[in-house]
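> sharing a model prediction with you, sequence too.
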Amino acid sequence: MKKIQRCALLAAGMLCLTACSGESSIAESSTPAAETQQDGITLHTAEDVDTRYAETLKRYFDAINAKDYDAYLATVYPPYSEAYSAFLTEKGSSLEQAFAEMCTRFDEDGYESWKLTDLTVSYYKKETEYVQSDGISDYFSAYVKMGVLDEGFEETCRKNAEELRDVQFSLSALYAGDDAPVTVVSGQEIMMLIDKDGCWLFG
C-alpha cells in the first residue's frame, strides 16, 4: 500500500487556525467517539461534540467526494463565502474554481481515483499558554492582512453567532487498488459557527 507522505491541505480556502497561529502540536481528544454509518463517509464523533458540527463537516466532505459545488456551498458560512468569492474574483479566479482544485488535493501519483471514507470530529484542545482568549481573533487578523476579510468582519461574525469555535478533525481515504484506507489529514483544525440559520464552516 502506498503511504501518504504529507498531510494534505484541503484548499487555499480552508482557513485553519493552526496555520494562522503557528502552533504545531494538536492534542487528540480522549473522549470516546460515537460512530455513525450514513451514506458516504463514516462519521466518528467525540461524545462531547455538538452533532451539528460533525454533520456539517460530513456534508462538506461528502460534497468533495461527489465533486458537488452546490452541496459544498451549502456548508460554508454565507458572509464568508461572499467575501472569499470577491477576493478570488479580484485575483482572476472564482470560488467554484477553488472548490474544483480542492477536489484534487488528495490526488497521488500512481492512483486513478480515491474516495474519502472516515471522518473523526472532536473539539480542539489547547494545552499551551498560547492564548488567554479563544485564538479566533488571530484567525480573523491573518485573513484581514491577506485582504480576504475586512476589519469589521470579526465583530459582525461574533455578533450574529450563537457559538463560534475551532473544531478538530481527521480524515481517511481509500485509494483505488488499495485494500484499506489511509489517513490523509490528522488533527487538523477548522473554524465553525452556529447561528439562527444553521451550522457553517469557514473553508
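Yep, that arrived.
> what about residue 96, how many residues nearby?
Using other CB atoms under 10 Å, residue 96 has 14 other residues around it. For the C-beta atoms, the positions are set from N, CA and C on the backbone; glycine is no exception.
> so which strand or helix has it?
Using DSSP states H and E, residue 96 maps to helix 95-102.
> just how off-centre is that helix within its chain?
Centre-to-centre, helix 95-102 and its host chain are 14 Å apart (CA atoms, centre = their mean, to the nearest Å).
> kindly report the same for stretch 82-98.
Its chain's average C-alpha position is 18 Å from that of stretch 82-98, according to CA atoms, centre = their mean.
> and the end-to-end length of it?
For stretch 82-98, the separation between the terminal residues is 13 Å (CA to CA, to the nearest Å).
> that older thread, so what does the helix holding residue 96 touch, helix or strand wise?
Here helix 95-102 touches helix 69-73, helix 78-90, going by 3 or more CB pairs under 8 Å, 6 or more residues apart in numbering; DSSP states H and E.
> can I get the ones you listed in CSV with distance to residue 171 and mean pLDDT?
As requested, the helices and strands packed on helix 95-102 are exported to CSV (distance: least, CB to CB, whole Å; pLDDT from 0 to 100):
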stretch, distance to residue 171, mean pLDDT
helix 69-73, 15, 98
helix 78-90, 21, 97
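> neighbours of residue 55, just the number please.
For residue 55, the neighbour count with other CB under 10 Å is 17.
> and for residue 181?
Residues within reach of residue 181, counting by other CB under 10 Å, total 18.
> thought it was touching residue 171?
No: contact criterion CB atoms under 8 Å: residue 181 and residue 171 do not qualify, at 9.4 Å.
> joint contacts of the two?
residue 118 (CB atoms under 8 Å, 6 or more residues apart in numbering).
> so what does the longest helix anywhere in the chain touch, helix or strand wise?
Looking across the chain with DSSP state H, the single longest helix is helix 51-66. For helix 51-66, the packing partners by 3+ CB pairs under 8 Å, 6+ apart come out as strand 42-46, helix 69-73, strand 114-123, strand 163-175, strand 182-195, strand 198-201.
> okay, now the unreliable bits of the chain?
1-39, 126-134 (pLDDT under 70).
> for the residue lying farthest from the centre of it, which non-adjacent residue is closest in space?
The C-alpha centroid of the chain is most remote from residue 177, which lies 27.0 Å away (CA atoms, centre = their mean). Closest residue to residue 177 apart from its sequence neighbours, by CB to CB, 6 or more residues apart in numbering: residue 111 at 6.9 Å.
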